[in-house]
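Colleague: For reference, the sequence and a predicted model appear below.
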Amino acid sequence: MGEFHKMHGLGNDFVIIDARLQSIEISPTRAQMIADRKFGIGCDQLILLLTSEIADVRMRIFNPDGSEVEACGNASRCVVALLNQDLNIETLGGIISGKLSGNDVEVSMGEATFGWQDIPLAFAMNTDAMPLAWDNLAAPMAVNMGNPHAVFFVDDVDAVDLRQLGPTIENDSVFPERVNVNVASIAGNEIHLNVWERGAGLTGACGTGACATAVAAIRQGKATSPVTVHQSGGTLTIDWSPGQPVIMTGSATYVFKGQADWDAFG
Ligand SMILES: N[C@H](CCC[C@H](N)C(=O)O)C(=O)O
């Protein structure tokens, strides 16, 4: 039997397995089975903690479709809260650093990048306003936060049917590694955001999506740092200025500790 921790960041929920304390191998199939909400434990992302040669801990991140990805902002806050200490975390997207901040957690998510090969895109184009449209969603800004994001600004986020448009954009061949789809509106310095996550679909919140969207808004002169980002699961504060890492502050919630026979999952 193995142990896991169920946590969430603004409703974006995780199964966190500390593999430094137990032996477990994760395949895409096993990740899918653990994340499955009907026959598994259920989560938006599966998080595996391992020892690191270059940071306090290494975090591997798996979407429910089994894909392993570079970054997860909400999970980063949860890992800092779980281990209850300021931490440097090694991820496929680079090293991020988190610290406890009152009842919240503050994470430096590294620098955003904007070049078409950084996102990545399939060919060269203006990433500040991609010359493309999907139905009534047009001219997104492309931002890489370790993982790829397309950010659309609209008048009313709730008028956009992300369940229908999200997968179409996520899987468009212009995004060779697929993409997280962010649809946002801005009022004052506050952003309202819905995200169709790559490999996961609609979630209560997306930390890297909030970072990418706040950066896009500041770059376009639509907002000034710090930016408040409201998602269905709650609110994050994002601080950023060009050339600096993106700082995200928000909650991390412990739900329960469980046991599981990992051999029962593929
Ligand atoms: N679906 C994302 C990973 C999880 C990101 C999100 N849960 C966050 O808090 O940043 C991707 O495939 O890049």
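Modeller: Cool, the structure landed.
Colleague: So Asn103 sits against Thr253, correct?
Modeller: No: because the distance of 10.2 Å does not satisfy CB atoms under 8 Å, Asn103 is recorded as not touching Thr253. Placement of C-beta: from N, CA and C, glycine included.
Colleague: Could you check which of the two is surrounded by more residues?
Modeller: Under the neighbour definition other CB atoms under 10 Å, Asn103 and Thr253 were set side by side, and Thr253 has more, 16 against 8.
Colleague: what does the stretch 1-150 of the chain put close to the ligand?
Modeller: 12, 44-45, 61, 63, 69, 71-74, 147 (CB under 6 Å from any ligand atom).
Colleague: Kindly reformat those as TSV and extend each row with pLDDT, neighbour count and secondary structure.
Modeller: Putting these into TSV (pLDDT from 0 to 100; neighbours: other CB atoms under 10 Å; DSSP: H, G, I helix; E, B strand; the rest coil) gives the following:
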residue	pLDDT	neighbour count	secondary structure
Asn12	98	28	strand
Asp44	98	27	coil
Gln45	98	24	strand
Ile61	98	24	strand
Asn63	98	23	coil
Val69	98	24	strand
Ala71	98	25	coil
Cys72	98	33	coil
Gly73	98	30	helix
Asn74	98	34	helix
Asn147	98	27	coil
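Colleague: and of the residues you listed, the nearest to Ala223?
Modeller: Nearest to Ala223, judged by CB to CB, of those is Gly73 at 18.1 Å.
Colleague: Burial check on Ser52, number of neighbours?
Modeller: Ser52: 16 neighbours (other CB under 10 Å).
Colleague: Could you do Val195 as well?
Modeller: 30.
Colleague: Tell me how the protein divides into domains.
Modeller: The chain breaks down by automatic domain parsing into domains covering 2-109+251-264, 133-244.
Colleague: Figure out how far the first one is from the centre of its chain.
Modeller: Averaging C-alpha positions (CA atoms, centre = their mean, to the nearest Å) puts domain 2-109+251-264 12 Å from its chain's average.
Colleague: just the shortest one next, same as before
Modeller: Computed by CA atoms, centre = their mean, the separation of domain 133-244 from the middle of its chain amounts to 11 Å.
Colleague: Name the strands paired with the host helix or strand of Val15 and say parallel or antiparallel.
Modeller: Secondary structure assignment for Val15, by DSSP states H and E: strand 12-18. According to DSSP bridges, strand 12-18 forms sheet pairs with strand 2-9 (antiparallel), strand 45-50 (parallel).
Colleague: Adding distance to Leu82, write these out as TSV.
Modeller: TSV is the format used below for the strands paired with strand 12-18 (distance: least, CB to CB, whole Å):
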stretch	distance to Leu82
strand 2-9	6
strand 45-50	8
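Colleague: of all the ones you listed, which lies closest to Thr168?
Modeller: strand 45-50 (22.2 Å).
Colleague: So what touches the closest one?
Modeller: 12, 14-20, 24, 26, 31, 34-35, 57-64, 72, 75, 78-79, 200 (CB atoms under 8 Å, 6 or more residues apart in numbering).
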